[in-house]
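# Have a look; sequence and predicted model below, questions after that.
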Amino acid sequence: MNILVIGGAGYIGSHVVREFLDRGHRITVFDNLSSGLRENLFPEAEFIHGDILDYTGLSRTAKEGFDAVVHLAAFKAVGESMVNPEKYSVNNIKGTINILNAAVEGRIKNFVFSSSAAVFGRPEYLPIDEKHPTNPENFYGFTKLEIERFLGWYDKLRGIRFASLRYFNAAGYDIKGRITGLESSPANLIPVIMETACGIRKEVQIFGSDYDTPDGTGVRDYVHVSDLAVAHAKALDYTSRNDKSITVNLGSETGISVLEIVEAARRITGRPVPAKIVGRRAGDPAKLTAASRLAHELLNWTAEYSDLDTLLKTSWNAYQKNHA
């Protein structure tokens, strides 16, 4: 297939591009490089430096005969979304409307969207499945849910078949070590731990140690980015073969605590990884885990690489290559 990957130079996007290329697809990456990296581009893929807010350029690109579009170009920082909702409204919502309208003009009928578990908000039960109520607690999650609603209408009115993939916590790096471009100023736990192990940060902050969990620290569901990439490919196969849209959760279905990750990182990196316990963050639930049975049933997808050691070893390999 001929696939347009918007945001394909980013952390998750580059892994998705690599998976599609490995499967023999023709890929064009469309990215403004605001957070994506040139070192995450592959010579086998065409690259267009463009912005989803530039409708003229986006529309012109969409008319180049693509079978599918993969959208990974939304802003994703939860905290920033709460203090700068205007930025997230313009990029995430307006930008996605531009992508959808360009897809209509280009007669692109398959759409894979990088959604988020943030659409659910505070868990009412665990593990969270696709039937769980959607009540986002941050503006980022709100934008993702609104995009899903737009997709539903474009399915009904314009025949665009979509796969909305609700990630839990993406982590790790390419199993074969082919992607090493690092996110700048990361906020997620594992990259913060890696930066601490490299000496870039003084310490890891652990937000709360008095939760109702085995060791008192928060428990989350981590899914390896290579597993996410496989899910994108399988989701596109599903929508194109079945002419049907789907929304599925993507998680490992295994909860790992903050303290477990820190201790495993010390073992794997051989570094001390100083950590300091600080106060809880507002809105953080004690535990958050996914039910991914639907993805397994519909896509024959499982989180093959999402064990703790693989998450950390592939991350450490990438950081060592950059900070030897």
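Okay, I see it.
# State the helix or strand in which the closest residue to residue 215 other than its chain neighbours lies.
Spatial nearest neighbour of residue 215, excluding adjacent residues (CB to CB, 6 or more residues apart in numbering): residue 259 at 4.7 Å. C-betas here are computed from N, CA, C, even on glycine. If you go by DSSP states H and E, residue 259 is part of helix 258-269.
# which other residues reach that helix?
Contacts with helix 258-269, where a contact means CB atoms under 8 Å, 6 or more residues apart in numbering, come from 189-190, 193-194, 197, 204, 206-207, 209, 215-220, 271-273, 275, 308-309, 312-313, 316.
# low-scoring stretches of the stretch 201-324 of the chain, by residue?
324 (pLDDT under 70).
# And the strands in it?
With DSSP state E, counting those that start in this stretch as the criterion, the stretch 201-324 of the chain has strands at 204-207, 219-224, 246-250, 255-257, 275-278, 287-288.
# Flag every buried residue along the fifth one.
Along strand 275-278, the positions that meet the burial threshold by neighbour count (16 or more other CB atoms under 10 Å) are residue 275.
# give me every residue that touches residue 190.
171-172, 222, 261, 265, 311-312, 315.
# repeat for residue 40
Neighbours of residue 40 in contact, by CB under 8 Å, 6+ apart: 9-11, 13-14, 179, 181.
# mind putting those residues in JSON lines, distance to residue 131, secondary structure and neighbour count included?
Below are the contacts of residue 40 laid out as JSON lines (distance: CB to CB, whole Å; DSSP: H, G, I helix; E, B strand; the rest coil; neighbours: other CB atoms under 10 Å):
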{"residue": "9", "distance to residue 131": "35", "secondary structure": "coil", "neighbour count": "28"}
{"residue": "10", "distance to residue 131": "30", "secondary structure": "coil", "neighbour count": "26"}
{"residue": "11", "distance to residue 131": "29", "secondary structure": "helix", "neighbour count": "24"}
{"residue": "13", "distance to residue 131": "29", "secondary structure": "helix", "neighbour count": "27"}
{"residue": "14", "distance to residue 131": "32", "secondary structure": "helix", "neighbour count": "31"}
{"residue": "179", "distance to residue 131": "34", "secondary structure": "coil", "neighbour count": "23"}
{"residue": "181", "distance to residue 131": "37", "secondary structure": "coil", "neighbour count": "19"}
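# pLDDT and distance to residue 235 added to those, as TSV?
Shown next, in TSV, are the contacts of residue 40 (pLDDT from 0 to 100; distance: CB to CB, whole Å):
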residue	pLDDT	distance to residue 235
9	98	21
10	96	18
11	96	19
13	98	15
14	98	18
179	95	20
181	93	24
